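Asker: have a look; sequence and predicted model below, questions after that.
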Amino acid sequence: MLHQIRILLFPLRYLKIYHEDKYWFDWVFPLVLTSIVLLVHFSIPSGLSLAGGDGLVKALNPLIQVLTGFYVAALAVIATFQNSDIDKLMKGDPPEVFEPRGAEDVSVKLTRRRFLSYMFGYLAFVSFVLYGMGVVILMSAGYVTHIPPSSLYWGKTIGIGLFSFAFFNLVITTLLGLYYLTYKIHLKDSVIVTRGHDDKEG
């Protein structure tokens, strides 16, 4: 059973990809943006709404639903993209991840295709989970009237924090993916002459 669960959660392995700059996109930027949302939440006497008619979940769930289809489509395009450069190792210090090989995990340096596949597989997984969380929150909103106001407030605060962090992680990672899809994926291993200097791009 453990093996089957690992298969279902495999897209989360994207978070285990190591690169010196990646933690900024995975953790730092989402945490900063989530902190701003929580500051706004604490500055309002009754706090932000999580599941109400003008709540966070109801506002964002339609967008998340659309993004899910985009991520799945992007993953299919990346898997079939006909460009030899996409199957070369990423330039500089390539990101690497431990992948299962038989009974053990081994370190693998990633090509552009593998990195983007990991990324958009992760984005599709998170959007599925985030949308499901939103549906559960909306459906359970009418059953929390008996909870004491103080407990309800802090429960709402935790929900806003978790939902905001997951959403901002989704947004930041999507922007990183768009950067690769619109720019980096199309660069060739050739010498580009700019202002009289040779600049190696890849």
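Answerer: Now that the structure is in, tell me what you want to look at.

Asker: name the SS class of the residue nearest the centre of the chain, please.
Answerer: Nearest to the mean C-alpha position of the chain, counting by CA atoms, centre = their mean, stands Leu170 at 3.5 Å. The local conformation at Leu170, judged by DSSP: H, G, I helix; E, B strand; the rest coil, is helix.

Asker: which non-adjacent residue is nearest it?
Answerer: Counting by CB to CB, 6 or more residues apart in numbering, the nearest residue to Leu170 once its immediate chain neighbours are dropped is Val126, at 5.5 Å. (C-beta placed from N, C-alpha, C; glycine too.)

Asker: next one: the strand or helix carrying the one you found to chain centre, how far?
Answerer: Taking DSSP states H and E as the criterion, Val126 maps to helix 112-140. Helix 112-140 has its average C-alpha position 7 Å from the chain's average C-alpha position, going by CA atoms, centre = their mean, to the nearest Å.

Asker: from the contact counts, what lies against that helix?
Answerer: For helix 112-140, the elements it packs on are helix 56-80, helix 149-182, judged by 3 or more CB pairs under 8 Å, 6 or more residues apart in numbering; DSSP states H and E.

Asker: re the thing from before, give the contact list for the residue nearest to Leu170.
Answerer: Shown here is Val126, whose contacts under the criterion CB atoms under 8 Å, 6 or more residues apart in numbering are 11, 166, 169-170.

Asker: and Leu181, how many neighbours?
Answerer: Counted with other CB atoms under 10 Å, the burial measure for Leu181 works out to 17 neighbours.

Asker: quickly note the distance from the closest residue to Val72 other than its chain neighbours to Tyr14.
Answerer: In space, Val72 comes closest to Ala124 once its chain neighbours are excluded; the distance is 5.3 Å by CB to CB, 6+ apart. Going from Ala124 to Tyr14 by CB to CB, to the nearest Å gives 11 Å.

Asker: quick one: low-confidence parts of this protein?
Answerer: When residues are selected by pLDDT under 70, those of the chain lie in 187-202.

Asker: could you rerun that using 90?
Answerer: Within the chain, the segments meeting pLDDT under 90 span 1-3, 6, 20, 45-46, 51-54, 79-94, 98-105, 140-152, 180-202.

Asker: can you give me phi and psi for Gly89?
Answerer: Residue 89: Leu, not Gly. When quoted as degrees, to the nearest 10, the phi and psi of Leu89 stand at phi -60, psi 150.
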